[in-house]
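1. turn this into a model:
(chains A, B, C and D)
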2 protein chains.
Amino acid sequence: MRLPKKERQRLIKKAFSDDPFITDEEMAKRCGVSIQTIRLDRMELGIPELRERIKHMAENNFDRVRSLALEEVIGEVIDIQLDHSGISIFEIKKEHVFARNRIARGHYLFAQANSLAVAIVDAEVALTASAGIRFVRPVRLGEKCIAYAQVFNKQSSRLQINVQTKVNGEIVFQGVFDVYRAEEDGWVK
Amino acid sequence: MRLPKKERQRLIKKAFSDDPFITDEEMAKRCGVSIQTIRLDRMELGIPELRERIKHMAENNFDRVRSLALEEVIGEVIDIQLDHSGISIFEIKKEHVFARNRIARGHYLFAQANSLAVAIVDAEVALTASAGIRFVRPVRLGEKCIAYAQVFNKQSSRLQINVQTKVNGEIVFQGVFDVYRAEEDGWVK
DNA sequence: CCATATATTAATACCAAGTCCTAAAACAGT
DNA sequence: ACTGTTTTAGGACTTGGTATTAATATATGG
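-> Got it, this is the predicted structure:
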């Protein structure tokens, strides 16, 4: 027994967690111990076999990639009256917060509001020209943000949209977006 | 022969590409054809076996997750003078543009500027209170955005930062961010 | 020092989801 | 009817395991 069981298991746990692609055989060599010992350790530590580990990774990221690819809009738009108003919901997940204090990064709230504002505009393509925004209070991990957008000034190709985002009825973000309809492939109309 | 070979292979290709977790057996059932036929098709189409598909997915995303986790900041900060100024670079990739016209979504430009503004502040945690921004001209797929941030008003816990983003020297985005230093776990200082 | 744990290794049977190879059917076109 | 493509079928072998049983080390308490 080179190193005590506990020590070895700590090592194994770490090794598998920062490289899940190691086979038991390889791990056995690394620890200078038989394959069976590694298997036993995995059992005790509740670490699944190679294929399962890989599969889980792939599955997790598959969803991630999916939702990212689908994410033409950040937040789920649940209601739209074109050129008039709209509502979207966005839940703050781990990937949206500062690891430090679990407060949402501002740009996600902005992205939700911006996406909604752009979605409301009845045009092939809409772009934001400018915006004024306020982060009223920090939003925390797990909170559900509901953004309400309302057009309050409508010209032929330019819309002004007010967006308020609330968590449990409490305003957390407020912004005014100046959005314009754009041509198929380019610049201002 | 239910459907012609070509047709079936088209189907198989699509099926595997939008759900890589299907076994040959399952696919065989779906196509009403034997397992061997599916294997032959896979050979011809150059589609690897289930485990390899899954492994590749996991491997690809392994790196991606890593770099994403590191992405505390959107865009690469290349220079920082705390409480004074900073520069970051951000290249517009496929995932940042509207599929339609390859113009960058506004919130990525915002995110770059916001991240930079927050990074400049010399504090455990900094949060954005408000911002006024202008998207001066649309930014296209492949363009390199260089954001220059400059603090122009500094109070004890509140900083005003001007951010200008340029592509080839041309201004594409401009914003003023009002950022404050926050306590470890929470609300305003 | 011996008995009893605990830890480690070995050995075997079995599984999933394949590969690789050979060979027999099925069917189509001419 | 003959040839060529397509489809099936079957068996041997591979990886990276699980599950189980049994033997052997090593340690620990009395």
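2. how about the residues of chain A by DNA strand C?
-> With Cβ under 7 Å from any atom of the strand as the criterion, chain A meets DNA strand C at residues A:1, A:5, A:8, A:33-34, A:36-37, A:40. Where you see a C-beta, it was placed from the backbone N, CA and C, and this is true even at glycine.
3. show me which of the residues you listed is closest to residue A:103.
-> Distances from residue A:103 to the residues of chain A next to DNA strand C, taken as Cβ to Cβ, are shortest for residue A:8 (39.3 Å).
4. these two touch, right, residue A:157 and residue A:178?
-> No - look at residue A:157 against residue A:178 with Cβ atoms under 8 Å: they stay out of range, at 11.4 Å.
5. following the helix or strand bottoming out on mean pLDDT in chain A, which helix or strand comes up?
-> Of all regular secondary-structure elements in chain A, judged by mean pLDDT, DSSP states H and E, the least confident is helix A:50-70 with a mean of 68. Beyond helix A:50-70 in the direction of the C-terminus, DSSP states H and E gives the next helix or strand as strand A:76-81.
6. quick check: buried residues in the helix or strand following that following strand?
-> The C-terminal neighbour of strand A:76-81 among helices and strands, as given by DSSP H and E, is strand A:85-91. Of all the residues in strand A:85-91, those buried under the rule 16 or more other Cβ atoms under 10 Å in any protein chain shown are A:85-88, A:90.
7. turn these into JSON lines, columns for pLDDT.
-> Converted to JSON lines, those look like this (pLDDT from 0 to 100):
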{"residue": "A:85", "pLDDT": "92"}
{"residue": "A:86", "pLDDT": "91"}
{"residue": "A:87", "pLDDT": "91"}
{"residue": "A:88", "pLDDT": "90"}
{"residue": "A:90", "pLDDT": "91"}
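8. for those residues, give me JSON lines that also has distance to chain B.
-> Formatted as JSON lines, the entries for these read as follows, by distance: Cβ to the nearest Cβ, whole Å:
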{"residue": "A:85", "distance to chain B": "20"}
{"residue": "A:86", "distance to chain B": "16"}
{"residue": "A:87", "distance to chain B": "18"}
{"residue": "A:88", "distance to chain B": "13"}
{"residue": "A:90", "distance to chain B": "12"}
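9. which neighbouring elements make contact with the longest strand seen in chain A?
-> When chain A is scanned for its longest strand (criterion: DSSP state E), the result is strand A:170-182. Taking 3 or more Cβ pairs under 8 Å, 6 or more residues apart in numbering or on different chains; DSSP states H and E as the contact definition, the neighbouring helices and strands of strand A:170-182 are helix A:106-120, strand A:125-135, strand A:144-154, strand A:158-167.
10. just to revisit the earlier point, neighbour count: residue A:157 and residue A:178, which is higher?
-> Residue environment comparison for residue A:157 versus residue A:178 gives the larger neighbour count to residue A:178, 18 against 14, counting by other Cβ atoms under 10 Å in any protein chain shown.
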